[in-house]
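Visitor: predicted model, plus sequence, below.
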Amino acid sequence: MAETETPEPGDRSLLRRIADVAPAVAASTITGGADLALFGSPSVGAMTPLAEVVVEKVVEARLKRQQRMLEQAAEQVGGVDRFAKLATADDGRLELTARSIEAARRTTREEKIRALARVLANGVDGHASIDYSQILAGAIDSIEGPHIQVLAMVRDHANTQGGDFPPPDRAMSMTLETGIIAARMKSDMAVVGSVLQALSRQNLIEPVQGGLTYEQWGGADRWAITQLGRQCLTLLEAA
């Protein structure tokens, strides 16, 4: 996909077009003021001059990211006009659009912005179901650099092993130990545990112990990537 130009600070046309049809979708980015754009709740009391300057910069940066994500999604479905029509066609597409806008607001990672644009475009255009697209958008929203690092680590380990291993050797070869993950991350176990649990909650990795699932064993020492995890990485790594 061709690189999309970064919009000028005042360019909010696509966000505004969506807001014209469904104001609630873009309330936190256009119509709700600084606190809604930052925190999702209305302002209470006046801000100091310093706070106003900081908030203005934060809101401007977030609006740029949201607009960039929407423009990339529009490019993938054939243009702004078609995207605006698709994104506001029904409640499911509106909700997917809203969640994608919110997720783009919260990240500074360009690969996440591009991935969210792909998920949104596929969902509103009917190439993927709305339910699955919302799950993907939520999973992408929930992970950052350390999570992506671990997800790729577990995926790459499984890929290098191949599939010619009978049980139980296959379960051992296709999974990665918590201790190895911690050593490669060069982080303490508290950080590693938080990352692994976050990935597991989104069903991006599966905890395994001796070939048994977490529920069967009652704990986890090894981790395997799921199909959803592979799909997220594919979206994040696409050019």
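Guide: That came through fine. Residues are numbered from 1 along each chain as shown.

Visitor: from here on, contacts and neighbour counts on C-alpha atoms
Guide: Will do.

Visitor: per-domain residue ranges of this protein.
Guide: 13-141, 145-237 (automatic domain parsing).

Visitor: what's the most buried one of these?
Guide: Mean neighbour counts were taken over the domains of the chain using mean count of other Cα atoms under 10 Å, and the top value, a mean of 19, falls to domain 13-141.

Visitor: on that earlier part again, reformat the domains of the chain as a markdown table; add mean pLDDT.
Guide: Shown next, in a markdown table, are the domains of the chain (pLDDT from 0 to 100):
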| stretch | mean pLDDT |
| --- | --- |
| domain 13-141 | 82 |
| domain 145-237 | 82 |
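
Visitor: where does the most centrally placed residue in the chain fall, secondary structure wise?
Guide: For the chain, the residue nearest the mean C-alpha position is residue 140 (2.0 Å; Cα atoms, centre = their mean). Using DSSP states H and E, the secondary-structure element containing residue 140 is helix 130-142.

Visitor: helices or strands next to that helix in the packing?
Guide: Helix 130-142 sits against helix 91-106, helix 110-124, helix 227-237, with contacts defined as 3 or more Cα pairs under 8 Å, 6 or more residues apart in numbering; DSSP states H and E.

Visitor: what sits up against that helix?
Guide: 92-93, 96, 99-100, 103-104, 106-107, 112, 115-116, 119-120, 122-124, 198, 202, 204, 228, 232 (Cα atoms under 8 Å, 6 or more residues apart in numbering).

Visitor: give me phi/psi at residue 176?
Guide: Main-chain dihedrals, residue 176, degrees, to the nearest 10: phi -130, psi 140.

Visitor: residue ranges of the helices in this protein, please?
Guide: Using DSSP state H, the helices of the chain run over 13-21, 33-39, 49-77, 80-87, 91-106, 110-124, 130-142, 145-161, 169-173, 178-185, 189-201, 214-217, 227-237.

Visitor: if I take the helix holding residue 140 and helix 227-237, what angle do their directions form?
Guide: Angular relation of helix 130-142 and helix 227-237 on a 0 to 180 degree scale: 70 degrees, by axes from the mean of the first three to the mean of the last three Cα atoms, to 10 degrees.

Visitor: between helix 189-201 and helix 130-142, find me the angle.
Guide: 170 degrees.
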